[in-house]
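>>> Okay, predicted coordinates and the sequence, questions at the end:
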Amino acid sequence: MPVSNVVSGLTVAELETAPFKVRAAVALMRLAARLPLSWLHGIGALVGRLAGALKTREWRVTRRNHELVGAAVGVVDRDAFTRAVLVETGKNLTELAKIWGAPPVRALALIRSVHGREHFDAARAQARGVIVAAPHLGCWVLNLWLCAQGPMALLYRVPQHAEWEALLRDARGKLGATQVRADAAGVRELLRCLKQGMTLGILPDQRAKGGEGEFAPFFGLPCKSMTLLSRLAEKTGASVVFGFAERLPAGRGYDLHFLPADGAIASADRVAAVAALHQGIEACVRLAPTQYQWTYKRYSAQPGVDGDQVYARS
């Protein structure tokens with residue numbers, strides 16, 4: 001496969017030649033990483049409250065998502081839900097300085113407990129590779145913890161503004177993870193990694209592009225998600241677990257959670273597989289509902305509908 005589909009962390013030379021805004025962002029994160037986590041979360045909370053006061057796009061999308069599935073999620077008060085989601089979103093932004101800007105050992109020291117570790121350990125014991133489905137929920141410190149457990153690969157998409165790929169590579173490559181771009185050649189690399197018994201981290205809840213993906217209920221409403229994870233599990237026999245890092249109050253750190261996946265997630269019936277995928281994501285979200293990325297237009301694609309009519313008024 002082309003070497004360009006698998007990338008490593010950012011080298012010093014690459015960082016020195018990166019665009020100024022990328023170098024400035026890296027320097028700012030490294031400087032902010034010296035602040036206590038509680039301070040960073042306090043700044044993030046202010047950012048979130050400001051987004052609510054200004055009624056930003058994120059505010060509108062969050063309210064629309066609550067209108068669609070708030071009752072199914074189990075949070076009744078739309079205003080309180082929206083405020084909490086925006087505050088957690090702000091914290092997610094500012095805490096990146098601590099996770100990406102500090103040495104990994106310091107970030108890993110912020111993990112307080114690992115719940116459900118037996119599910120991850122049992123999956124590894126199968127020796128057929130492990131797929132960790134990590135929704136857009138909580139903090140990204142989970143990646144560092146997984147890298148610390150053994151050889152790991154990460155699937156990622158090149159950002160819309162390609163110059164920022166350098167920063168993402170720098171952040172994700174600190175513990176030597178194999179970073180694989182999400183394209184056809186990258187899929188072959190993922191199969192190779194799993195067959196070698198590696199752990200693979202995938203964000204399972206991104207909107208599937210074009211004709212990719214299948215619809216299945218997500219909190220009771222049709223939602224389109226990827227089938228790649230299920231296809232990888234079916235072809236390799238790899239075990240699947242769900243995982244995320246819950247943000248604790250008052251800057252106390254993070255708790256990791258691992259949950260088992262329903263066996264149907266590896267089904268050749270792709271609709272059944274996506275339904276099992278959604279059930280696992282739902283189980284994670286119910287543990288920390290306001291830390292999910294509800295600012296994302298998760299339901300923009302609907303069966304038999306052209307374009308986005310769900311968020312048109314958002």
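Perfect, I can see it now.
>>> Nearest spatial neighbour of K174, chain-adjacent residues omitted?
Nearest residue to K174, sequence neighbours excluded (Cβ to Cβ, 6 or more residues apart in numbering): P104, at 4.9 Å. All C-beta atoms are positioned from the backbone trio N, CA, C, and that covers glycine.
>>> For the stretch 1-150 of the chain, just list every one of the strands.
6-7, 111-115, 130-133 (DSSP state E, counting those that start in this stretch).
>>> picking that back up, around the residue nearest to K174, how many other residues sit close by?
Applying other Cβ atoms under 10 Å, we find 17 residues neighbouring P104.
>>> Check M226 too.
Counted with other Cβ under 10 Å, M226 comes out at 24.
>>> What distance do you get for it to D205?
For M226, the distance to D205 (Cβ to Cβ, to the nearest Å) stands at 8 Å.
>>> quick one on the thing from earlier: format the strands of the stretch 1-150 of the chain as TSV; extra columns: distance to G90.
Output for the strands of the stretch 1-150 of the chain, formatted as TSV (distance: least, Cβ to Cβ, whole Å):
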stretch	distance to G90
strand 6-7	30
strand 111-115	21
strand 130-133	25
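>>> Would you mind checking which helix or strand in this structure has the lowest mean pLDDT?
Lowest on mean pLDDT, DSSP states H and E among the helices and strands of the chain sits strand 6-7, with a mean of 46.
>>> Format the CA atom coordinates belonging to stretch 259-275 as PDB.
Only the C-alpha atoms of stretch 259-275 are listed here, as PDB (Å, rounded to 0.1, in the frame of the first residue of the first chain):
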ATOM      1  CA  LEU A 259     -18.500  -1.700  27.900                       C
ATOM      2  CA  PRO A 260     -19.000  -5.000  25.900                       C
ATOM      3  CA  ALA A 261     -20.500  -5.000  22.400                       C
ATOM      4  CA  ASP A 262     -23.400  -7.100  21.300                       C
ATOM      5  CA  GLY A 263     -22.200  -9.900  19.100                       C
ATOM      6  CA  ALA A 264     -24.500  -8.600  16.300                       C
ATOM      7  CA  ILE A 265     -22.000  -5.800  15.800                       C
ATOM      8  CA  ALA A 266     -20.000  -8.200  13.500                       C
ATOM      9  CA  SER A 267     -23.100  -9.400  11.600                       C
ATOM     10  CA  ALA A 268     -23.100  -9.700   7.900                       C
ATOM     11  CA  ASP A 269     -26.500  -8.100   8.100                       C
ATOM     12  CA  ARG A 270     -25.200  -4.500   8.100                       C
ATOM     13  CA  VAL A 271     -28.500  -3.000   9.400                       C
ATOM     14  CA  ALA A 272     -28.400  -5.300  12.400                       C
ATOM     15  CA  ALA A 273     -24.700  -4.500  12.800                       C
ATOM     16  CA  VAL A 274     -25.300  -0.700  12.900                       C
ATOM     17  CA  ALA A 275     -28.200  -1.300  15.300                       C
END
